[in-house]
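Colleague: Just to be clear, the model below is a prediction. Sequence and coordinates:
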Amino acid sequence: MSRIPRRFEQLREQGRKALIPYITGGDPEPAATVGLMQRLVSSGADIVEVGIPFSDPMADGPTIQRACERALAHGTSTRDILGMIREFRRGDSDTPVVLMGYLNPMEQMGYEVFAREAAAAGVDAVLTVDLPPEEGHELVTALTEYDLDPIWLVAPTTRQERIEAICSVARGFVYYVSLKGVTGAATLDFDDVARHVDQIARATQLPVGVGFGIRDAETAARIAGVADGVVVGSAIVQLIGDNAGDAAARETAVGDLAAGMRRAMDQTENYHRPEAS
Amino acid sequence: MAKVIESGEALDFTQFPDDRGHFGAFGGRFVPELLMAPLEELAQAYARYRDDEAFQAELYADLEHYVGRPTPLYHAQRWSGKIGGAQIHLKREDLDHTGAHKINNTMGQALLASRMGKTRIVGETGAGQHGVATASVAARLGLECVIYMGADDVDRQAVNVYRMRLLGAHVVPVESGSRTLKDALNEAFRDWASNVDNTFYIIGTVSGPHPYPLLVRDFQAVIGRETRQQMLASHGCLPDALVACVGGGSNAIGLFHPFLGDESVAIYGVEAGGDGVASGRHAAPLAAGRPGVLHGNRTYLMESDDGQITGTHSVSAGLDYPGVGPEHAWLKDIGRAQYVSVTDDEAVAAFHEVTRTEGIIPALETAHGLAYAAQLAARMRPDQTIVVNLSGRGDKDIDTVARLEGMAL
């Protein structure tokens, strides 16, 4: 059973929102990933997203693209990423881990093999950026067989009927992409985000995480005011890239950013979601 | 063709792709959620205008008066005579405005963009031909135009870069990844995702997510339809074989598609063999790749065992792409078309041979098709005919060819 529902349940009881940082596995080198995951958790992360690097990350902006290039320069493979998660699990059996990636590396491994090995490594959920539900039947079947939650994206361009269709197959949480653009892009319209989160919340009981464009404690807190979870990617990956040559400085920088977001989010007044219809 | 016949009934090739863009196991729509709505909007708009008489009349008027259609079907008599086998006919897409077949598609997509109320065009380009064709129609229709081009290709194709800038396009060199066509596609998708409200992405080949492989094919199929009429008028019969180079495969599918149901017509797509397929330095996913998902569709790809897309090599920038249109992937698997490859050296030799024998300077992409056509013709009888899609003119490549001979122009 995925750790994600339990984690959101605990947070709800505490009146807190989920901080969900993203790092690209193997960036800037394979040995860095487990330490970064641990530091993120000790700095207040509730769920950790780990990206499988891909040569052609077309939904990502330059920051995460460069992270993929750094990881791939070390030959980081999908199985290497699963090895990192296995190692992380030796010291942490509670924090949910979401694998995020593009379809082709999963497809080349074989969906069934990928799902089995990911579950065995301690993964809880899989977000496949370039796989819409329409094309996802085979992968979802494999993930479900191994109790992995498929996480789906909802975008500002997604219409209501489609939101309902996506929510009907979603598990874990629904990930709202808060910007038209790629990861790491410009500025957020918080009212617009709030409207879309409400729209999703009317279609599902699942928690709603919001990502894209969240770069500092203040934006994290404002998003925490309207959603159940705050996904932070490029801002963290940028710090990893800036400190690629210095492991201690890297972990400190990433930990400080996450801790600052945590504090700001916990000071935010609770947002009351509308009841699902 | 074996599998088509085994199935017991002829396939109706006009019924593919299905309404979700599938050609058998290939094609589809594999994109981030943000792009699903604009792709659906595009599919609906195209479904409306595909059979709209006013739209088609406007397109055909532009194809005639702006692009210069129909293009001739030219009998390369002297070259055929030297080879001593089948008669080779060249479908002269090099005579299209801007010098290649690409404008058949950009004209169609730009008109569609205008009808959809889009004011900004983005495109990607490898050799620069699609970029020039896109910049030209954008200028013609008064649309803003941004072209993404791999930084390596910007260096290789300086003249086309300048042409695009003269036409008013903003050319953006892409420094990421392998700095070639695939990276330009990534960047164009990113731009589109960021500007979906006012922007239309004109994809240059029969690749990408549904409905692009369908609409690019339809716009390019004018090549095959004309060829069919011209052959019937001049010979009273269909050609024995068709040959075209395949990168993404738009000129090839344009020639092939109207003949897919004609079992007597053999069909050959020619991929870029680079230093030879065995060397690993090539751009021949149908010959040496395997199925995977890239740029919105499932097709044959050049990739590592771990599913990373690998670098390609070809003397011609326009064929330097690790994937191929999904319809070609399907035609290969059902056996309706055969896909072969020729090396850089063979293509360059054919470039010189056709230039000197027929007085036509072909694009290096096209030279791959010509090289294979010569091999094929030599195995056929003089009363048989081959049509080669002479997809583009070679002016853009003379720097590259001169460099190969140790000359700097």
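Modeller: That came through fine.
Colleague: what residue ranges in the stretch 101-250 of chain A score low on pLDDT?
Modeller: A:182-186 (pLDDT under 70).
Colleague: just the stretch 101-250 of chain B next, same as before
Modeller: Using pLDDT under 70, nothing in the stretch 101-250 of chain B is flagged.
Colleague: which parts of it sit against chain A?
Modeller: By the rule CB under 8 Å from any CB of the partner chain, the part of the stretch 101-250 of chain B lying against chain A is B:176-177, B:182-183, B:185-186, B:189-190, B:193-197. Every C-beta, even on glycine, is put in place using the N, C-alpha and C of the backbone.
Colleague: Apply 7 Å and report the result again.
Modeller: B:S176, B:G177, B:K182, B:N186, B:F189, B:R190, B:A193, B:S194, B:V196 (CB under 7 Å from any CB of the partner chain).
Colleague: Just to check, the fifth one is in contact with A:A59?
Modeller: Yep, that's B:F189 we're talking about. No. Look at B:F189 against A:A59 with CB atoms under 7 Å: they stay out of range, at 8.1 Å.
Colleague: and those two? which has more neighbours close in?
Modeller: Per other CB atoms under 10 Å in any protein chain shown, whichever of B:F189 and A:A59 has more neighbours is B:F189, with 28 against 25.
Colleague: tell me the contacts of the more buried one?
Modeller: A:M58 (CB atoms under 7 Å, 6 or more residues apart in numbering or on different chains).
Colleague: distance of it from B:A377?
Modeller: 40 Å (CB to CB, to the nearest Å).
Colleague: Next up, the contacts around the residue nearest to the spatial centre of chain A.
Modeller: Central residue check for chain A by CA atoms, centre = their mean: the C-alpha nearest the mean position is that of A:E49, 4.1 Å away. By CB under 7 Å, 6+ apart, A:E49 lies in contact with A:I20, A:P21, A:Y22, A:V98, A:M100, A:V231.
Colleague: Name the SS class of it, please.
Modeller: strand (DSSP: H, G, I helix; E, B strand; the rest coil).
Colleague: Which residue ranges of the stretch 301-409 of chain B form strands?
Modeller: Under the criterion DSSP state E, counting those that start in this stretch, strands of the stretch 301-409 of chain B are mapped to B:338-342, B:385-390.
Colleague: Same question for chain B.
Modeller: With strands called from DSSP state E, chain B shows them at B:22-23, B:26-30, B:73-75, B:87-92, B:120-125, B:144-150, B:170-174, B:199-202, B:241-245, B:266-272, B:290-294, B:296-301, B:338-342, B:385-390.
Colleague: can you pull the buried residues of stretch A:34-41?
Modeller: The neighbour-count check on stretch A:34-41 (16 or more other CB atoms under 10 Å in any protein chain shown) flags A:V34, A:L36, A:M37, A:Q38, A:R39, A:L40, A:V41 as buried.
Colleague: measure the fourth one to chain B for me?
Modeller: Which is A:Q38. Distance of A:Q38 to chain B, given as CB to the nearest CB, to the nearest Å: 26 Å.
Colleague: quick check, that residue in a helix?
Modeller: Yes. Counting by three-state DSSP, A:Q38 is located in a helix.
Colleague: State the distance from the residue in the stretch 51-200 of chain B that chain A sits nearest to to A:L36.
Modeller: Closest to chain A within the stretch 51-200 of chain B is B:S194: 3.8 Å, counting by CB to the nearest CB. Per CB to CB, B:S194 is found 28 Å from A:L36.
Colleague: so A:R3 touches A:A125, yeah?
Modeller: No. A:R3 is beyond contact range of A:A125, at 8.9 Å (criterion: CB under 7 Å).
Colleague: overlap in contacts of the two?
Modeller: A:P96.
Colleague: in the longest helix along chain A, what counts as buried?
Modeller: Selection of the longest helix in chain A by residue count, based on DSSP state H, yields helix A:247-266. Within helix A:247-266, the residues that qualify as buried are A:250-251, A:253-255, A:257-262, A:264-265, counting by 16+ other CB under 10 Å.
Colleague: hmm, back to that, how near is the residue nearest to the residue nearest to the centre of chain A when sequence neighbours are not counted to A:I47?
Modeller: Nearest residue to A:E49 in three dimensions, chain neighbours excluded: A:Y22, at 4.1 Å (CB to CB, 6 or more residues apart in numbering or on different chains). When distance is defined by CB to CB, A:Y22 is 10 Å away from A:I47.
Colleague: of those two, who's got more company?
Modeller: A:I47 (27 against 24).
Colleague: Nearest to chain B among the buried residues of stretch A:34-41?
Modeller: Distances from chain B to the buried residues of stretch A:34-41, taken by CB to the nearest CB, are shortest for A:V34, at 20.1 Å.
Colleague: still on that earlier bit, distance-wise, check the residue nearest to the centre of chain A relative to A:D80.
Modeller: A:E49 is 17 Å from A:D80, by CB to CB.
Colleague: same thing with B:A169?
Modeller: From B:A169 to A:D80 the distance is 42 Å (CB to CB).
Colleague: more neighbours, those two?
Modeller: B:A169 (25 against 18).
Colleague: excluding its backbone neighbours, what's nearest B:G168?
Modeller: B:G168 sits nearest to B:A139 (CB to CB, 6+ apart), 5.3 Å away.
Colleague: For the one you found, grab the count of nearby residues.
Modeller: B:A139, neighbours per other CB under 10 Å, totals 15.
Colleague: Same check on B:R92?
Modeller: 18.
Colleague: right, and it touches B:R69 too?
Modeller: No. B:R92 is not in contact with B:R69 according to CB under 7 Å; the separation is 10.5 Å.
Colleague: which residues are in contact with both of the two?
Modeller: With CB under 7 Å, 6+ apart, B:R92 and B:R69 have no common neighbours.
Colleague: For B:G269, give me its contacts.
Modeller: For B:G269, the contact set (CB under 7 Å, 6+ apart) comprises B:A244, B:V246, B:G249, B:A252, B:H328, B:A337, B:Y339.
Colleague: burial count for the fifth one?
Modeller: Right, B:H328. Around B:H328 there are 29 residues (other CB under 10 Å).
Colleague: One more: the last one?
Modeller: The number of residues packed around B:Y339, counting by other CB under 10 Å, is 22.
Colleague: Close to chain B: what parts of the stretch 151-277 of chain A are there?
Modeller: A:L153, A:V154, A:A155, A:T157, A:T158, A:R159, A:V177, A:K180, A:G181, A:V182, A:A185.
Colleague: Need those residues in TSV (columns: distance to A:E69 and secondary structure).
Modeller: Shown next, in TSV, are these (distance: CB to CB, whole Å; DSSP: H, G, I helix; E, B strand; the rest coil):
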residue	distance to A:E69	secondary structure
A:L153	23	strand
A:V154	29	strand
A:A155	26	coil
A:T157	28	coil
A:T158	30	coil
A:R159	35	coil
A:V177	23	strand
A:K180	25	coil
A:G181	20	coil
A:V182	15	coil
A:A185	19	coil
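Colleague: which of those residues count as buried?
Modeller: So, by 16+ other CB under 10 Å, the buried ones in these are A:L153, A:V154, A:A155, A:T157, A:T158, A:V177, A:K180, A:G181, A:V182, A:A185.
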